[in-house]
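S.K.: Using only what follows, build the 3D model:
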Amino acid sequence: MGNYSVCVYAICKDEESFVDRWMDSMSEADRVVVLDTGSSDATVEKLRNRGAEVTVEVISPWRFDTARNRSLELVPEDADICVCTDLDEVFQPGWRERLEEAWTPGAGQATYRYTWSFNPDGSEGVVFWYEKIHVRHGYRWVHPVHEVLVWVGEGAPGPMVTAEGVQLDHHPDPSKSRGQYLPLLELSVAEDPEDDRNVHYLGREYLYHGRWEDCISTLQRHLAMPKAVWRDERAASMRYMAKAYLQLGEPGQARGWYLRAVAEAPHLREPYIDLALLLYEQEAWDGVLYFTGCALSITHRPRTYICEAAPWGSLPYDLRAVAFYHTGRFSQALEAAQAALALEPENERLRGNVDLLNRMIPSDQT
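M.R.: Numbering: from 1, shown residues only. As a prediction, the model looks like this:
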């Protein structure tokens, strides 16, 4: 189709409802190869009917890296560019052309925009930049879960290119369990105890499972690791610890860790908004205004996965509107409420706030 041979590869199991949408999206590639790991529905038949080359193999014991590497083996040896996606992901049209425009001879990987989640109103939620496009030879997937590509070829890998205009959207099946993640993360940390990234993920997973003490002790370990130097991730560990302390009924500890997170990564909105929410619960309105103001002064949205949806949505303005209202500054409350509503126009509560403030303020003062 173009200057390069492009092959999409994927793993799947019981995802027949996604096949047509996925194949429509991936049809810009020259070939599509899939490793089905034991579907009991019509996934394999539907994929083959749509032109995918499907191999069926059960991976036991289950590991995401093993499955990814086996699916990569299915890619033709002479492919120039490998594109790893899942069946619940969809490229926006024109991705192949944008990718080829960005690709350069000798490149190793491509980074591109990824929308991991969407808000109930359909707007984008969590957005970051992904790196699952790569050359055919020299890369391998590692870790049982939260698997990543690593260079295992000779010499240094080729440079990372930025594929502007390539947009991948994630529309997952909400009924699928992530219960396997915790044991796989524990295995991952046991296999490679010095990998700071997986220790961080394990602590976060303990938070998701309500294991507050395990969350705190694991993330304290993460922060003490010599390799744990990325400030964004360190701040996230501090924030997760704070959330665990709140669940344990220790708001003072939580506030301390939120403040540490601000100091660790003052370029991120998330720690400021966490502090604002804590102070909102305590009705410390001037503090709410200060920390939401700090958050809103950050106008560049990071491209990393440490970037949550709420701080970049209506929430900062919503909190400010309430804080201004409770401190008697109704005109400023109205301005903030209008800003919140503009970011979430279908939210009836936000609309009600605007209507209430409009009624409270004489028309010559708005």
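S.K.: CA atoms only for the lengthiest helix in the chain, dumped as CSV, please.
M.R.: For the chain, the longest helix by residue count, based on DSSP state H, is helix 231-247. Only the C-alpha atoms of helix 231-247 are listed here, as CSV (Å, rounded to 0.1, in the frame of the first residue of the first chain):
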residue,chain,number,x,y,z
ARG,A,231,9.2,12.3,39.4
ASP,A,232,5.8,11.8,37.8
GLU,A,233,5.6,8.2,39.0
ARG,A,234,7.1,9.0,42.4
ALA,A,235,4.4,11.6,42.9
ALA,A,236,1.8,9.1,41.9
SER,A,237,3.1,6.6,44.5
MET,A,238,2.8,9.4,47.1
ARG,A,239,-0.7,10.2,46.1
TYR,A,240,-1.8,6.5,46.2
MET,A,241,-0.3,6.3,49.7
ALA,A,242,-2.3,9.3,50.7
LYS,A,243,-5.5,7.7,49.4
ALA,A,244,-4.7,4.6,51.4
TYR,A,245,-4.1,6.7,54.6
LEU,A,246,-7.5,8.4,54.0
GLN,A,247,-9.2,5.0,54.0
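S.K.: just checking, Ala321 is part of a helix?
M.R.: Yes: Ala321 forms part of a helix when assessed by DSSP: H, G, I helix; E, B strand; the rest coil.
S.K.: Ala336 is in contact with that one, correct?
M.R.: Yes: if you go by C-beta atoms under 8 Å, Ala321 and Ala336 touch, sitting 3.9 Å apart. Any C-beta I mention is one placed from the backbone N, CA and C, and that applies to glycine too.
S.K.: Now do the helices in the stretch 51-200 of the chain.
M.R.: 64-73, 95-102, 181-191, 196-208 (DSSP state H, counting those that start in this stretch).
S.K.: Alpha carbons of the longest strand along the chain, as CSV, please.
M.R.: Secondary structure assigned by DSSP state E gives strand 160-170 as the longest strand of the chain. Backbone C-alpha positions of strand 160-170 (Å, rounded to 0.1, in the frame of the first residue of the first chain) are rendered in CSV as follows:
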residue,chain,number,x,y,z
MET,A,160,11.7,6.8,18.4
VAL,A,161,9.7,8.7,15.9
THR,A,162,6.6,10.8,16.8
ALA,A,163,3.6,9.8,14.7
GLU,A,164,1.5,13.0,14.9
GLY,A,165,-2.0,12.4,13.8
VAL,A,166,-2.1,8.7,14.6
GLN,A,167,-4.9,8.3,17.2
LEU,A,168,-5.8,5.0,18.9
ASP,A,169,-8.9,4.8,21.0
HIS,A,170,-9.6,2.2,23.7
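S.K.: Would you indicate which residues of that strand are buried?
M.R.: Using 16 or more other C-beta atoms under 10 Å as the test for burial, strand 160-170 gives Val161, Ala163, Val166, Gln167, Leu168, Asp169, His170.
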